[in-house]
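>>> Here is the input, now give the coordinates:
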Amino acid sequence: MWSLFCTDAVAKCQQLLFPLAILMTPNLHEAALLAEREITSQVDVECAAQSLLDRGTNALLITGGGVAGLVGKDFFAACDGAGIWQSQPAIAAPHTYGTGCTLSAAITAALVHGVPLADVVIQARVYINQALRPSGCLWI
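So this is what the prediction gives:
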């Protein structure tokens, strides 16, 4: 797997940056890299999430896609509660590049207004889903 960061940089990010983040939003491939484990199932996602929480991550939303059985499924977990699977139908859209960044931006915008994190994650996922629908007018 190609990676922007070398192993040492990933380790430093985990040590110094991840504990400062309110929420991390890795996709399946990024979560696999960070957790140092293969992800091919829902159980693998849950184990990767727990591994990242055990290493100091406060909360994370692992976004699905690209792995059979996980398309349209995201897993939210926080250090203070149980993990929650969220599922929405996958939408075939021509403009999907950047949806992860748009999701993170939507989450950040809602957090600024004091919305609780678990609610923010749901609202942001609904926003992305609506933007990707054929009738959506947003290019993300």
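>>> Now do the strands in this protein.
Secondary structure of the chain by DSSP state E: the strands cover 59-63, 73-78, 84-87.
>>> Could you tell me the least trusted of these?
Among the strands of the chain, strand 84-87 carries the lowest mean pLDDT, a mean of 91.
>>> Quickly compare the strands of the chain and say which is most buried.
Across those, averaging neighbours per residue (mean count of other C-beta atoms under 10 Å) puts strand 59-63 on top, at a mean of 25. Using the backbone N, CA and C atoms, a C-beta is placed for each residue, glycine as well.
>>> how far is that one from where the chain is centred?
4 Å (C-alpha atoms, centre = their mean, to the nearest Å).
>>> and if you look at stretch 7-21?
Chain-centre distance of stretch 7-21: 17 Å, with C-alpha atoms, centre = their mean.
>>> Quick check: mean pLDDT of stretch 23-31?
When pLDDT is averaged along stretch 23-31, the result is 93.
>>> repeat for stretch 106-122
Stretch 106-122 shows a mean pLDDT of 93.
>>> circling back to that earlier point, quick one: the strands of the chain as TSV, columns for distance to residue 14 too.
Formatted as TSV, these follow (distance: least, C-beta to C-beta, whole Å):
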stretch	distance to residue 14
strand 59-63	12
strand 73-78	16
strand 84-87	23
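>>> Which among the ones you listed is found nearest to residue 96?
Closest to residue 96 of these, according to C-beta to C-beta: strand 59-63, at 11.6 Å.
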